[in-house]
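Asker: Return a 3D structure for these sequence lines:
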Amino acid sequence: MANQTLMMIKPDGVENGHIGNILEKVTSSGLKVGDSLFHHGITWNVRTEELQTTSGIIIPDKIGLIRDDNNTCLGVHSGSYVPYQNQELLELLFRISQQTGLKLHTGGSFKGGEKVWFQLKSEDLKLSNDRIEGYISGFNSFDGRTSLAFGNSNVTVSCQNTFWKGYRDVETKLRHSSAMKPKIEEILRKIDVLLQEEQQTFDNIQRLGNVRMTQQVKDLVIRRLFDIEKEERLDSDDLSTNKKNKLSRFYIDLNGELNQKGDNLWGLFSGVTKYTTHSYSKNDNTEAKMFGGIGQVEQEIFSDLVHMV
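Answerer: Here you go, the predicted structure:
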């Protein structure tokens, strides 16, 4: 069986259930759920299909998750996997909006819909020469590797640097299973905790802005960001060309942030977020910051700097 091709079996009676009546649902604020789905390009559901080999053998305890609008397979999962549909996520976000007063701001998807995300606008932090916007972010997926999750993110307005509490660090998570939906109320109860965490982040940002950056701390951050060992000199010719090029781009980003925000730890961390937002790769870095290792490294650097204050 290892050499046979797997196929999907569309179950009898399953229809391509587009959003349908959800398009007409109106929240108390007068916003249509369907309008937001359409605006963010997420007007599709998923369906589950059994797997079989080309010879007709059913693969036990395995299902494929299929987009109903283009029949793309978003992932193969165990039979216990229960998808959380896009409109369910958006309805949850509207419930959070009604509970907290937060407004749905933006959203999107990655890899053809394998991962989906939304943001709710929260409070802002006004600094002497800048403003930091706060958001509560929601994550969902159909790839089997990402739970339904909520966390914090911030955007520095002047330079559009983003700082996400990456998916790996988010504590408010629910796995896709039959036990998931009864636990949705837990997320609603924890939103207040996320808002408190956001205020703590704002307090820490202000503290970082009051502490002068030293060369020692700067070097520690660079080594952590680029995974450079203590034994290696940062100006050494032994560094790979790739690392030298990355360091060169980082120094440009860092100097720009220090000139604007001052020679302090907030300016140093802003150099990190500018690099990870705009220079880390030639592509859009949003997914890497949300779900990838660079987002986790960024979070660890921020925590290390806060602990130094």
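
Asker: Over to Lys62. Which of the three states is it?
Answerer: Under DSSP: H, G, I helix; E, B strand; the rest coil, Lys62 falls in the strand class.

Asker: Verify the stated contact: it with Gly75.
Answerer: No. Contact status for Lys62 versus Gly75: not in contact, 10.8 Å apart, counting by CB atoms under 8 Å. Any C-beta I mention is one placed from the backbone N, CA and C, and that applies to glycine too.

Asker: Low-confidence stretches in the stretch 1-150 of the chain?
Answerer: 1-40 (pLDDT under 70).

Asker: show me where it has strands.
Answerer: Here the stretch 1-150 of the chain has its strands, by DSSP state E, counting those that start in this stretch, at 6-9, 46-53, 58-67, 73-78, 103-110, 115-126, 131-141, 148-156.

Asker: Now do the second one: which elements does it pack against?
Answerer: If you count contacts as 3 or more CB pairs under 8 Å, 6 or more residues apart in numbering; DSSP states H and E, strand 46-53 packs onto strand 6-9, strand 58-67.

Asker: out of those strands, deepest packed?
Answerer: Mean neighbour count (mean count of other CB atoms under 10 Å) peaks for strand 58-67 among the helices and strands packed on strand 46-53, with a mean of 17.

Asker: Next up, the contacts around Phe150.
Answerer: Ile136, Ser137, Gly138, Phe139, Val170, Thr172, Ile187, Lys190, Ile191, Leu194 (CB atoms under 8 Å, 6 or more residues apart in numbering).

Asker: quick one: which of those residues has the most company?
Answerer: Highest neighbour count within these, by other CB atoms under 10 Å: Ile136, with 25 neighbours.

Asker: what about Leu93, how many residues close to it?
Answerer: Neighbour tally, Leu93, other CB under 10 Å: 23.

Asker: Distance check, the residue nearest to Lys121 when sequence neighbours are not counted against Phe250.
Answerer: Closest residue in space to Lys121, ignoring its immediate chain neighbours: His105 at 4.3 Å, by CB to CB, 6 or more residues apart in numbering. According to CB to CB, to the nearest Å, His105 and Phe250 sit 29 Å apart.

Asker: Please apply the same query to Gly64.
Answerer: Applying CB to CB, the value for Gly64 to Phe250 is 42 Å.

Asker: same check, this time on Trp266
Answerer: Computed as CB to CB, the Trp266 to Phe250 distance reads 17 Å.

Asker: Looking only at neighbour counts, state which of the two leads.
Answerer: Trp266 (25 against 21).

Asker: Check which helix or strand the more buried one maps to.
Answerer: Element membership for Trp266 (DSSP states H and E) is helix 265-274.

Asker: Can you tell me what sits against that helix?
Answerer: If you take CB under 8 Å, 6+ apart as the criterion, helix 265-274 is touched by 156, 159, 161-163, 205, 208-209, 211-213, 217-218, 221, 225, 250, 253-258, 260-261, 298, 301-302, 305, 308-309.

Asker: could you flag which of the residues you listed are buried?
Answerer: 156, 159, 161-163, 205, 208-209, 213, 217-218, 221, 225, 250, 253-254, 257-258, 261, 298, 301-302, 305 (16 or more other CB atoms under 10 Å).

Asker: contacts for the biggest helix by length in the chain?
Answerer: Among the elements of the chain assigned as helix by DSSP state H, the one spanning the most residues is helix 184-208. Here helix 184-208 makes contact (CB under 8 Å, 6+ apart) with 92, 95-96, 99-100, 122-123, 125, 127, 132, 134, 136, 148, 150-152, 154, 165, 172, 174, 264-266, 268-269, 302, 305-306, 309.

Asker: Go again with 6 Å.
Answerer: Here helix 184-208 makes contact (CB atoms under 6 Å, 6 or more residues apart in numbering) with 96, 100, 122, 125, 134, 136, 150, 152, 172, 265-266, 305-306, 309.
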